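**Student:** okay, structure incoming, though there's no sequence with it:
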């Protein structure tokens, strides 16, 4: 879009939705795109009005929260307007006696947690970059973090949302459901959809008490299979652990971390069980910083970063497959694998080696019923982000057609170019 056309679009938006703050952005606000017009609604009604105009005029819209995960998935094929939720940042209702909270989509996760902590409560998740990541953003990308092992993922914690559809409809779950969304479970549909079905304006969550005490233990020693067997034994035990992960890297022995929460006495008892299950593998206290290891995968900038979804029993096999694929050298790797089977992988090396490794690993994982999604890659690698969607793709396309028939919202960003 040329500069004159951009000014024209900005003027048209100002005329159509005069109550909505609109500005030009002199820098690129989406990976691989030129500067855009940024719309910053202060209410769900205004956001819906901006969407209604854009949809009717054939203007492609890209939602943006804190901007921490804009490079996840494929780049949108078009992005004429950025709809920012930065001004939708209020905690609307903390019903602490009922242990629920309703919050606007642009509220940073860390800010919400600080508000909840005043009543000894929390939203039991630990997404990436919580100081900047917003509620709408983590829902759209389905970023729950390590605590999902005990408390479930976002689809388990969210109990209601309000979603602005492309045609300007405001659809609320758990209340008045209007028009073509009747019968759909909006929280589950919108979670992980990368804003391709609608823009979340607010959400309601179930909460959990803050733990009285916490302790992180790290397990060291033994080879990959021995450590993996201990992790599986921990999972099969009666331990009430809150997180369990394995960290592996080229040239480094594997290590596992376990998070225990509860009373001091309860944690002591749980630690004894962990030590018994570990056998000859060493167990030592660790800094809570180990739970930020996956954030470290993004630094320094560069390399390929992917999200893995595998069976928990396939963790060691997946790491061995990765080792085989890079046996020729020239590629370094780091992984963080949760006991749930969800993990993150970073690869660094020459572009052709990265492409070959990712393609081979994806094929191996998909053969076992898992998936590998690329979250970030260098511009000269260019592997399709999502991989094989399988039998689900026709259903996903039907949902996209139902919710956004004109392809207004984040066109091309999701699975199969949706």
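**Tutor:** Ah, there it is. No experiment lies behind these values; they were computed from the predicted model shown.
**Student:** residues in contact with residue 412?
**Tutor:** 74, 75, 76, 77, 78, 418 (Cβ atoms under 8 Å, 6 or more residues apart in numbering). (Each C-beta comes from the backbone N, C-alpha and C, glycine too.)
**Student:** and the fifth one, how many neighbours?
**Tutor:** Other residues within reach of residue 78 by the criterion other Cβ atoms under 10 Å amount to 18.
**Student:** can you classify it by secondary structure?
**Tutor:** coil (DSSP: H, G, I helix; E, B strand; the rest coil).
**Student:** how close does it get to residue 49?
**Tutor:** 21 Å (Cβ to Cβ, to the nearest Å).
**Student:** likewise for residue 203?
**Tutor:** Residue 203 is 21 Å from residue 49, by Cβ to Cβ.
**Student:** can you give me the buried ones in stretch 12-20?
**Tutor:** When burial is assessed from 16 or more other Cβ atoms under 10 Å, stretch 12-20 yields the following buried residues: 13, 16, 17, 20.
**Student:** ok, stretch 188-200 next?
**Tutor:** 189, 190, 191, 193, 194, 195, 196, 197, 198, 199, 200.
**Student:** between the residues you listed, which sits nearest residue 272?
**Tutor:** residue 191 (37.7 Å; Cβ to Cβ).
**Student:** so who does that closest one touch?
**Tutor:** By Cβ under 8 Å, 6+ apart, the neighbours of residue 191 are 139, 140, 142, 154, 155, 158.
**Student:** quick one: low-confidence residue ranges for the stretch 1-150 of the chain.
**Tutor:** 1-7, 26-35 (pLDDT under 70).
**Student:** all helices for it, in order.
**Tutor:** 3-16, 44-57, 109-117, 135-141, 148-151 (DSSP state H, counting those that start in this stretch).
**Student:** output the contacting helices and strands for the fourth one.
**Tutor:** Where contact means 3 or more Cβ pairs under 8 Å, 6 or more residues apart in numbering; DSSP states H and E, helix 135-141 is packed against helix 109-117, strand 199-206.
**Student:** which non-adjacent residue is nearest residue 400?
**Tutor:** By the measure of Cβ to Cβ, 6 or more residues apart in numbering, the closest residue to residue 400 outside its immediate chain neighbours is residue 418, 4.8 Å from it.
**Student:** residue 203 and residue 49: which has the busier surroundings?
**Tutor:** A count of neighbours by other Cβ under 10 Å puts residue 203 above the other of residue 203 and residue 49, at 28 against 20.
**Student:** just give the nearest non-adjacent residue to that one, would you?
**Tutor:** residue 161 (4.6 Å).
**Student:** roughly how far does the one you found sit from residue 204?
**Tutor:** 7 Å.
**Student:** strands along the stretch 101-250 of the chain, start to end?
**Tutor:** 121-122, 158-164, 170-172, 199-206, 208-209, 213-220, 243-249 (DSSP state E, counting those that start in this stretch).
**Student:** deepest of those strands, which one?
**Tutor:** Mean neighbour count (mean count of other Cβ atoms under 10 Å) peaks for strand 199-206 among the strands of the stretch 101-250 of the chain, with a mean of 25.
**Student:** what does that one rub up against?
**Tutor:** With Cβ under 8 Å, 6+ apart, strand 199-206 has contacts from 44, 47-48, 51, 61, 63, 83, 85, 88, 92, 99-105, 123, 135-136, 139-140, 157-164, 170, 174, 187, 190, 409.
**Student:** any idea how far stretch 278-296 is from the chain center?
**Tutor:** In terms of Cα atoms, centre = their mean, to the nearest Å, the centre of stretch 278-296 is set 23 Å apart from its chain centre.
**Student:** gap between the two ends of it?
**Tutor:** Terminal residues of stretch 278-296 lie 27 Å apart, using Cα to Cα, to the nearest Å.
**Student:** stretch 124-132 spans what distance, first to last residue?
**Tutor:** End-to-end distance (Cα to Cα), stretch 124-132: 17 Å.
**Student:** and the contacts of residue 412, which are buried?
**Tutor:** 74, 75, 76, 78, 418.
**Student:** about what we covered before: tell me the one of the contacts of residue 412 nearest residue 276?
**Tutor:** Using Cβ to Cβ, the contacts of residue 412 come closest to residue 276 at residue 74, 47.3 Å.
**Student:** so the closest one makes contact with residue 413?
**Tutor:** Yes: Residue 74 is within contact range of residue 413, at 5.3 Å (criterion: Cβ atoms under 8 Å).
**Student:** in stretch 106-126, what's buried?
**Tutor:** Applying 16+ other Cβ under 10 Å to stretch 106-126 flags 106-109, 111-113, 116, 121-126 as buried.
**Student:** which helix in the protein has the most residues?
**Tutor:** Longest helix of the chain, by residue count under DSSP state H: helix 351-367.
**Student:** what's that helix in contact with?
**Tutor:** Residues contacting helix 351-367 (Cβ under 8 Å, 6+ apart): 303-304, 306, 308, 310, 318, 321-322, 325-326, 328, 330-331, 345, 347-349, 371-372, 374, 377-378, 380-381, 383, 387-388.
**Student:** of all the buried residues of stretch 12-20, which two lie farthest apart?
**Tutor:** 16 and 20 (8.9 Å).
**Student:** what is the end-to-end distance of stretch 291-310?
**Tutor:** Where stretch 291-310 begins and where it ends lie 20 Å apart, using Cα to Cα.
**Student:** that one - what's its average pLDDT?
**Tutor:** Stretch 291-310 shows a mean pLDDT of 94 in the predicted model.
**Student:** how about stretch 393-400: buried residues?
**Tutor:** Quick answer for stretch 393-400 (16+ other Cβ under 10 Å): 396, 397, 399, 400.
**Student:** and the residues you listed as a markdown table, adding secondary structure and distance to residue 228?
**Tutor:** Compiled in a markdown table, these are given as follows (DSSP: H, G, I helix; E, B strand; the rest coil; distance: Cβ to Cβ, whole Å):
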| residue | secondary structure | distance to residue 228 |
| --- | --- | --- |
| 396 | helix | 33 |
| 397 | helix | 38 |
| 399 | helix | 37 |
| 400 | helix | 39 |
